[in-house]
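# I would like to see how this sequence folds:
(one chain, ligands or ions: 1)
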Amino acid sequence: MTKHIFVTGGVASSLGKGLTAASLGRLLKQRGLRVVIQKLDPYINVDPGTMNPFEHGEVFVTDDGGETDLDLGHYERFIDENLTRDSNATTGSIYSTVIASERHGEFLGKTVQVIPHITDEIQRRIRMLTGDDVDVLITEVGGTVGDIEILPFLEAIRQFRLDVGGTNVCYVHVTLVPFIAPSGEHKTKPTQHSVTELRSAGIQPDAIVCRSDEPISDDLERKISRLSNVPFAGVVNCPDAGSLYEIPLVVHDEGLDQFVCDTLHLITDPPDLDGWRALNERLAEATTPVRIGLIGKYVSLVDAYLSVVESLNHAGIHHGAAVEIDWIQAEDVEGLLGENRLRDLDGIVIPGGFGERGVEGKIAAAGFAREHDIPCLGLCLGLQCMTIEYARNVLGLERAHSSEFDPSSPHPVIDLMESQRDVSDKGGTMRLGAYVAQLRPGSQVAQIYGTDVVSERHRHRYEFNPRYRARFEDTDFACTGESPDGRLVEFIELEGHPFWVATQAHPEFKSRPDRPAPLFRAFIGAALERAGGRNPQLIPAEAEAEAAG
Ligand code: GLN
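Next comes the predicted model:
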């Protein structure tokens, strides 16, 4: 039978509840348990697909095409399992299901209410992920205890223990223990209030994870234990870590996984953490600096590109490199072309995005990278911008564009496919989730992947326009990956350039800390070569003299 861990959060948002859940998941997996993780989100959007990345961060895409909360990315990267769309349920999707049932007359004339109908549906979403092949389901409840929206979720998980039995459920509450500078102390009061709030919903936490900036003392943990009625062993301190990937080790040293296993009567060997420790050692040794420009639209919220950043870091760990990201606002690129900021980069990433703002800057960056032999990796919209740049500046196709941004372009080198044109519901036309691509044997991308057939996740509407493909391919521009039927271009590369490679997919969603996505790995490899090729010791006069021969 599947055991349940429910992770709630108190005091403040952004405490790293998702990372705590993901870390615990990894520790349990390393104990030989089969783990699935789920996120319940209290907002009313049916899924985060239409939410502004400025507000909500990246939309994470699963293999089966679910548009989900970015915490699912943490889960996948930590537990190294592919999750499905069912691992994310929002208030909106739960109400939609209940209301649809009501319209079908399934409630037989009864008044439909939050309790029991909404709470039952929440429980059904939880049970959906259990089964003989799942030892532990970790369910993170989004939001913060005390929010109005969270109440049905707390009620549902409270009832859950009653239904499945005390030793099959463990409640973990993540709180903040802030340091108050004027008094020079860490304060337990917010945790006390948060636990009281949780108890008023009928849930007594089994374990408390105390987030703090610096480690807190045993005395303080003892105090928290007493005031929250949690055994001392269940009070776990998780101070800020140098890297995300240290968190499993930190909470393991504090005994979290052992305590949870004891609570759930799970008897296992201690976790095998050799691989994870080795990963952290490699991370600590990854110090060769490599400077990557990320040309984004949403650069003021780093979380908007979370999986891209993590993929760059994974590739850095692989190469022993510390990736420094220069966040470049796409609209600023054209003003920067004459300056050293772009020239000094070791690599440029043009990530995905929607909407016209900043597109000309991304196109300019693609051109700059092409002309100056700077490694350039294009992801989804990145591929589209690189294609447009090449069309305009090499093929001479004036005003070439994507019909997403210029519907009257004489050369829509990026366009909707015929089959997508008549669908009025925009969401309905998106290509979402995993699609297989056939790579050209011997091409740069086939060598990078080490195979000719790959599967990557997608989230886009527009495609490389096949009407122009021959014109591109008459030059050094090669479409080296395509859909199995040959209709859709999936990968492009440029002969004679160290690395000017792009994909219509989002390989960042499949990168893992110990298994970087191949394109990112190769991209950072190329960037390191450029970094090594530029001699940072040369003072400008010497460089000029050298250039003059
Ligand atoms: N806006 C582009 C499209 O819809 C690219 C989307 C993306 O980068 N995810 O095709």
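
# quick one, what contacts the closest residue to the ligand within the stretch 351-500 of the chain?
Here the stretch 351-500 of the chain gets closest to the ligand at one residue, G352, 2.7 Å apart by C-beta to the nearest ligand atom. To be clear about C-beta, it is placed using only N, CA and C from the backbone, and glycine gets the same treatment. For G352, the residues meeting the contact criterion (C-beta atoms under 8 Å, 6 or more residues apart in numbering) are L379, C380, L381, G382, R459, H460, H506.

# one more time with 10 Å
For G352, the contacting residues are 53, 58-59, 296-297, 305, 308, 378-384, 458-460, 504-506, 508, by C-beta atoms under 10 Å, 6 or more residues apart in numbering.

# same thing with S409?
I388, A391, L397, E398, R399, A400, H401, S402, S403, D415.

# what about the ligand: which of the contacts of G352 touch it?
The subset of the contacts of G352 lying close to the ligand, counting by C-beta under 6 Å from any ligand atom, consists of C380, L381, R459, H460.

# tell me which of these fall in helices.
The helices, defined by DSSP state H, take in L381 from the ones next to the ligand among the contacts of G352.

# farthest-separated two in the ones next to the ligand among the contacts of G352?
Checking the ones next to the ligand among the contacts of G352 against each other with C-beta to C-beta, the farthest-apart pair comes out as L381 and R459, at 10.3 Å.

# tell me how far the ends of stretch 125-140 are from each other?
For stretch 125-140, the separation between the terminal residues is 13 Å (C-alpha to C-alpha, to the nearest Å).

# err, stretch 108-117, not the other one
Between the opening and closing residues of stretch 108-117 there is a gap of 13 Å (C-alpha to C-alpha).

# you'd agree S93 is up against K39?
No - assessed by C-beta atoms under 10 Å, S93 is found out of contact with K39, at 11.9 Å.

# which one's more surrounded, the two?
Between S93 and K39, counting by other C-beta atoms under 10 Å, K39 is the more crowded of the two (26 against 18).

# returning to that earlier point: show me the common contact partners of L381 and R459, please.
Common contacts of L381 and R459, defined by C-beta under 10 Å, 6+ apart, comprise G352, F354.

# compare these two (neighbour count), which wins?
When L381 and R459 are compared for neighbours, L381 comes out ahead with 25 against 20, by other C-beta under 10 Å.

# doesn't P351 make contact with the more buried one?
Yes - the pair L381 / P351 is scored as a contact, 7.2 Å apart, by C-beta under 10 Å.

# mutual contacts of those two, please.
Taking C-beta under 10 Å, 6+ apart as the contact rule, the neighbours common to L381 and P351 are K297, K362.

# hang on, the earlier thing: let's verify the residue of the stretch 351-500 of the chain closest to the ligand: helix, strand, or coil?
In terms of secondary structure, G352 is coil; the call rests on DSSP: H, G, I helix; E, B strand; the rest coil.

# can you check the one 3 residues further on too?
Three-state call for G355 (three-state DSSP): coil.

# please name the nearest non-neighbouring residue to it.
K297 (7.3 Å; C-beta to C-beta, 6 or more residues apart in numbering).

# counting contacts, what elements does the top helix by length along the chain pack onto?
The single longest helix within the chain, with elements called by DSSP H, is helix 518-533. When contacts are defined as 3 or more C-beta pairs under 10 Å, 6 or more residues apart in numbering; DSSP states H and E, helix 518-533 packs onto strand 288-296, helix 306-319, strand 321-329, strand 347-350, strand 376-379, helix 444-449, strand 453-460, strand 500-503.

# dump these into TSV; add mean pLDDT as well.
Below are the helices and strands packed on helix 518-533 laid out as TSV (pLDDT from 0 to 100):
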stretch	mean pLDDT
strand 288-296	96
helix 306-319	97
strand 321-329	96
strand 347-350	98
strand 376-379	98
helix 444-449	98
strand 453-460	97
strand 500-503	98
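
# give me the buried entries from the contacts of G352.
53, 58-59, 296-297, 305, 308, 378-384, 458-460, 504-506, 508 (16 or more other C-beta atoms under 10 Å).

# give the contact list for L519.
For L519, the contacting residues are 311, 315, 377-379, 444-445, 448-449, 454, 456, 491, 499, 501-503, 505, 507-508, 511, by C-beta under 10 Å, 6+ apart.

# before we move on, back to that, can you check which of the helices and strands packed on helix 518-533 gets nearest to P248?
P248 lies closest to helix 306-319 among those, at 15.2 Å (C-beta to C-beta).

# and the angle for that closest one with strand 453-460?
What separates the directions of helix 306-319 and strand 453-460 is an angle of 150 degrees, with axes from the mean of the first three to the mean of the last three C-alpha atoms, to 10 degrees.

# show me how far helix 306-319 is from its chain's centre.
A distance of 11 Å separates the C-alpha centroid of helix 306-319 from that of its chain, computed with C-alpha atoms, centre = their mean, to the nearest Å.

# and it, what does it pack against?
Using 3+ C-beta pairs under 10 Å, 6+ apart: helix 306-319 touches strand 60-61, helix 71-79, helix 274-285, strand 288-296, strand 321-329, strand 347-350, strand 376-379, helix 518-533.

# let's see 6 Å
Taking 3 or more C-beta pairs under 6 Å, 6 or more residues apart in numbering; DSSP states H and E as contact, the helices and strands that helix 306-319 lies on are strand 321-329, helix 518-533.

# mind listing residues that contact that helix?
Contacts made with helix 306-319 from outside it, assessed by C-beta atoms under 6 Å, 6 or more residues apart in numbering, are listed as 58, 70, 73, 282-283, 286, 323, 351, 508-509, 511, 513, 516-517, 520-521, 524, 528.

# cutoff 7 Å now
Helix 306-319 is touched from outside by 57-58, 60, 70, 73, 77, 282-283, 286, 290, 292, 302, 322-323, 325, 349, 351, 379, 508-509, 511-513, 516-517, 520-521, 523-525, 528, with contacts defined as C-beta atoms under 7 Å, 6 or more residues apart in numbering.

# show me what counts as buried in it.
For helix 306-319, a neighbour-count test (16+ other C-beta under 10 Å) marks 306-319 as buried.
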